[in-house]
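next comes the sequence, and after it the predicted model I'd like to discuss.
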Amino acid sequence: MKTYRWSVSAWIVLFSYIIIGTSFGGESQNQPSWFELRLLKNSYQLGYLKVQGRDGKFYYASVEAIVDCNYIADVELTQDSAVTIFFTVGAAKRLEEFTACHIRERIGAFINGELRSAGVILDTLPGYALTLQQVFASQEAEDFVRSWSAPVDTRPGRHKLNIQGLGDIEVELQGSVGGAGVAEHIQFFHEGSIYQLPLSFLSRPGVPAKTVKLLKVSVWGDKIKAEEQELSGLRDLKHFIETNTGPEQLILIEILESDVDDLPQEWKEDLADIAKYTYDSPYVGLCQIMSYTPYFYTENKIYIPPEMQKAINEYDPDFKLYSDSNFLPSVIKYYTYTKHQAPFAVIGDFTGDSKTDVVLYGYNSQYTKIIGVISSNKDYKVIEIIKHDYIDPKKEWYGMGEGQKEYGLWTYLVKVTPKTIKSPYEKEELILRNDAFEHVYFSKAAVLYYYKNGKFLKYQTSD
């Protein structure tokens, strides 16, 4: 397991001891030790508090912590009373980005408001796993690990947890932080919806368990309501969350709206901001956007509405989407992302009924598949378009010339809009009346698939 050690090789470590006032939170007999990383300055700046070390030297410590115990996914005790902290994925990314922007500045590790070490940032700090050496006393390190170790195995897998406000429910720990085997988040179903919680939600000894509160937000046209309170925009939603959340409460957000494509662009950007905020917040569940239609909430991540997901689960409960990382680097480099296409998915109206459908490129343990999730009256049905033996992207390779290879999938999806198509590989031209998609073979060929009479038909467009 690769971790990053707070050591002389990457940091200039100073073992001065500085007492921070109650602004940073003092030690409590009933609370476990509290860890924070804060930026230090040598002179006054707005947003910093003046502190004095035991050697008489003054520092200015940032009021806002870079990361703290709220973002701990798990901890473990290593040799010589060193403690390795595994952060949640949002905090890990934030720590990496922060240190990359503050090279040669000073940072401090605080325990219960006391600065235990201060050093100069000489390189970007990989944030998912941080080992602190000579920061804790021996017994203190053991107590800290006992207090902040996750109460369940944090490796990806299924568990049964009691979540206050929801009761005993089955959850799944998903994702992996930095290859460390620590899951990124908790996912669970509740009242027909899928929710995700940060791992910091898991209660620790001496830390009160958080109570879940479900907050429903409706978005219709230019109107937004949160618990019957009208908001002027999605940015107001963040303020609403902040003013209605405490350290012992966690809010699950469910945004209901008709069609993301109908929202103004600034609202889509706000949705992304809200999703990022809830992802990073230790007290807020990941934003659950309940759209009736699929959409890309980032250029490489797609939202599948519950009705479509239900049809997929009924067809193949083990079906999973490929992701960007599964394709050849050259495919990703030259691919044109839009709000309707990514290498692994295409959104469009393939049947001509004015309802949104989606084509997905994915797999299970046995097969690689391309499927269409197509509107059918009030529900959706899955049409299997392509199916063959499972392709492992880690083993699949493509010759790039001069003895060079790239690993990953070398076929991908591209959306095709209605038009007349002529191909030298087909006898007749194709009058395309609805959306379709091409299955493209990198630098080789392409086959167009279009929907007709209940199935997808092929039309060779290049070879």
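Perfect, I can see it now.

when you work out contacts or count neighbours from here on, use the C-alpha atoms and nothing else.
Noted.

show me the contacts for the closest residue to S325 other than its chain neighbours.
Excluding its sequence neighbours, the residue lying closest to S325 (Cα to Cα, 6 or more residues apart in numbering) is G408, at 7.9 Å. Each residue near G408 by Cα atoms under 8 Å, 6 or more residues apart in numbering is listed here: 325-329, 392-398.

next step: those residues restricted to strands.
The strands, defined by DSSP state E, take in 397-398 from those.

sort out for me which of the contacts of G408 are in helices.
P329 (DSSP state H).

quick check on the contacts of G408: which are buried?
Among these, those scoring as buried are 326-329, 392-393, 396-397 (criterion: 16 or more other Cα atoms under 10 Å).

contact partners of the helix or strand containing D143?
If you go by DSSP states H and E, D143 is part of helix 138-148. Contact with helix 138-148 is made by 32-33, 69, 72, 74-77, 80-83, 204-206, as judged by Cα under 8 Å, 6+ apart.

which of the residues you listed are buried, as a ChimeraX select command?
If you want just the buried ones from those in ChimeraX, going by 16+ other Cα under 10 Å, the selection is:
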select :32,33,69,72,74,75,76,77,81,82,83,204
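
specify which member of the contacts of helix 138-148 is nearest to Y363.
Y363 has its nearest neighbour among the contacts of helix 138-148 in D74, at 30.9 Å by Cα to Cα.

counting contacts, what elements does the strand or helix carrying that closest one pack onto?
Assessed by DSSP H and E, D74 sits inside strand 72-77. Packed against strand 72-77 by the contact rule (3 or more Cα pairs under 8 Å, 6 or more residues apart in numbering; DSSP states H and E) you find strand 83-87, helix 138-148.

who does the first one pair with, and is each partner parallel or antiparallel?
When pairs are called by DSSP bridges, strand 83-87 turns out to pair with strand 72-77 (antiparallel), strand 129-132 (antiparallel).

isn't A82 right next to A137, touching?
No - using Cα atoms under 8 Å, A82 is not in contact with A137; the gap is 9.0 Å.

got the contact list for stretch 454-463?
383, 385, 422-426, 444-451.

so which of these belong to strands?
Among those, the members found in strands (DSSP E) are 383, 385, 445-451.

of the residues you listed, buried ones?
Among those, those scoring as buried are 383, 385, 446-451 (criterion: 16+ other Cα under 10 Å).

from those residues, which has minimum pLDDT?
Lowest pLDDT among those: A446, with 94.

what bridges to the nearest residue to it once chain neighbours are set aside?
Once flanking residues are discounted, A446 sits nearest to V440: 4.3 Å by Cα to Cα, 6+ apart. V440 has the following beta-bridge partners by DSSP bridges: Y412, A446.

mind listing what N434 touches?
Residues near N434 by Cα under 8 Å, 6+ apart: 349-352, 417-418, 450.

with distance to A118 added, can I get those residues in CSV?
Shown next, in CSV, are the contacts of N434 (distance: Cα to Cα, whole Å):
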residue, distance to A118
D349, 58
F350, 60
T351, 63
G352, 64
T417, 58
P418, 62
Y450, 62
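
so how do I select the buried members of the residues you listed in ChimeraX?
Here is the ChimeraX command that selects the buried residues among the contacts of N434 (16+ other Cα under 10 Å):
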select :349,350,351,450
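
these two touch, right, F350 and V359?
No - here F350 does not reach V359: they are 9.2 Å apart, not a contact under Cα under 8 Å.

tell me where the stretch 51-200 of the chain is predicted with low confidence.
Within the stretch 51-200 of the chain, the ranges that satisfy pLDDT under 70 run 53-56, 89-90, 127, 150-157, 159, 161-167, 172, 174-185, 187-200.

go again using 90 as the cut-off
Applying pLDDT under 90 to the stretch 51-200 of the chain flags residues 51-59, 63-100, 107-200.

just the helices in it please.
89-101, 138-148 (DSSP state H, counting those that start in this stretch).

deepest-packed of those helices, please.
Ranked by mean neighbour count, those are led by helix 89-101 with a mean of 19 (mean count of other Cα atoms under 10 Å).

what sits against H102?
I121.

how near is it to V51?
21 Å (Cα to Cα, to the nearest Å).

can I get the helices of the stretch 51-200 of the chain in TSV including distance to R38?
Listed next are the helices of the stretch 51-200 of the chain as TSV, based on distance: least, Cα to Cα, whole Å:
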stretch	distance to R38
helix 89-101	11
helix 138-148	19
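
next, count neighbours for H388.
Residue neighbour count, defined by other Cα atoms under 10 Å, stands at 11 for H388.

okay, buried residues for the helix or strand encompassing it please.
If you go by DSSP H and E, H388 is part of strand 379-389. Using 16+ other Cα under 10 Å as the test for burial, strand 379-389 gives 380-383, 385.

repeat for stretch 57-65
Buried positions in stretch 57-65, judged by neighbour count with 16+ other Cα under 10 Å: 59-62, 65.

of the residues you listed, which belong to strands?
In strands, judged by DSSP E, the following of the buried residues of stretch 57-65 are found: 59-62.

quick one: which of those is nearest I107?
A61 (8.8 Å).

next, the contact list for that closest one, please.
A61 is in contact with 38-41, 48-51, counting by Cα under 8 Å, 6+ apart.

relative to F110, how far out is V67?
Using Cα to Cα, we find V67 at a distance of 11 Å from F110.

among those two, which residue is more densely surrounded?
F110 (25 against 18).

how many neighbours does the residue nearest to that one when sequence neighbours are not counted have?
Counting by Cα to Cα, 6+ apart, E36 is the residue found nearest to F110 once chain neighbours are left out, at 5.1 Å. Per other Cα under 10 Å, the neighbour tally for E36 reads 20.

please shift the residue numbers so they start at 15 in all later answers.
All right, first residue 15 from here; so that's E50.

tell me the SS of E50?
E50 falls in the strand class when you classify it by DSSP: H, G, I helix; E, B strand; the rest coil.

residues contacting it?
So E50 contacts 79-83, 123-125 (Cα under 8 Å, 6+ apart).
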